[in-house]
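turn this into a structure:
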Amino acid sequence: MASETRAGKYGRLLAVWIEYTISTLPNSSYRTAFLEELKKYSYKPRKKGEPRNEGCISELDRVSELKIQNPVHLAKLVKEGLHLMYHKKTSANTHSSLCQKFS
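Residues are numbered from 1 along each chain as shown. Below is the predicted model of the structure:
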């Protein structure tokens, strides 16, 4: 069995924090809406000098204030953190681990 990667561990532990956050909210459909938005993450990389593509998304452009009760806001915050990682492979590993924890 392969050992857990740094990104995998981060995703797994991030899921614990998100799970706790979700558990404190009264909305029972929050988890589903959060996962639907989280799964819209693009794995498409972009090399330096290449034009922007669907993998280059500023998730927080339309979020001026984080409303934690809004599952789309929390998912966009998580996805923005993934986009800020230097390598798409690392962010993909984190995303995969995070989604696996919720499945």
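
tally of neighbours for the nearest residue to Lys88 once chain neighbours are set aside?
Nearest non-adjacent residue to Lys88, counting by Cβ to Cβ, 6 or more residues apart in numbering: Pro45, 3.9 Å away. For the C-beta atoms, the positions are set from N, CA and C on the backbone; glycine is no exception. The number of residues packed near Pro45 is 14, by other Cβ atoms under 10 Å.

what kind of secondary structure is Pro45 in?
coil (DSSP: H, G, I helix; E, B strand; the rest coil).

and it, what pLDDT?
pLDDT recorded at Pro45 is 77.

residues touching Pro71, list them.
Counting by Cβ atoms under 8 Å, 6 or more residues apart in numbering, Pro71 touches Asn27, Tyr30, Arg31, Ala33, Phe34, Glu37.

any chance of TSV for those, columns distance to Ser3, pLDDT and secondary structure?
Putting the contacts of Pro71 into TSV (distance: Cβ to Cβ, whole Å; pLDDT from 0 to 100; DSSP: H, G, I helix; E, B strand; the rest coil) gives the following:
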residue	distance to Ser3	pLDDT	secondary structure
Asn27	37	83	coil
Tyr30	33	91	helix
Arg31	29	89	helix
Ala33	33	93	helix
Phe34	29	92	helix
Glu37	30	92	helix
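
redo those residues as CSV? Include neighbour count and distance to Lys79.
Shown next, in CSV, are these (neighbours: other Cβ atoms under 10 Å; distance: Cβ to Cβ, whole Å):
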residue, neighbour count, distance to Lys79
Asn27, 12, 20
Tyr30, 18, 16
Arg31, 16, 16
Ala33, 15, 14
Phe34, 21, 11
Glu37, 19, 8
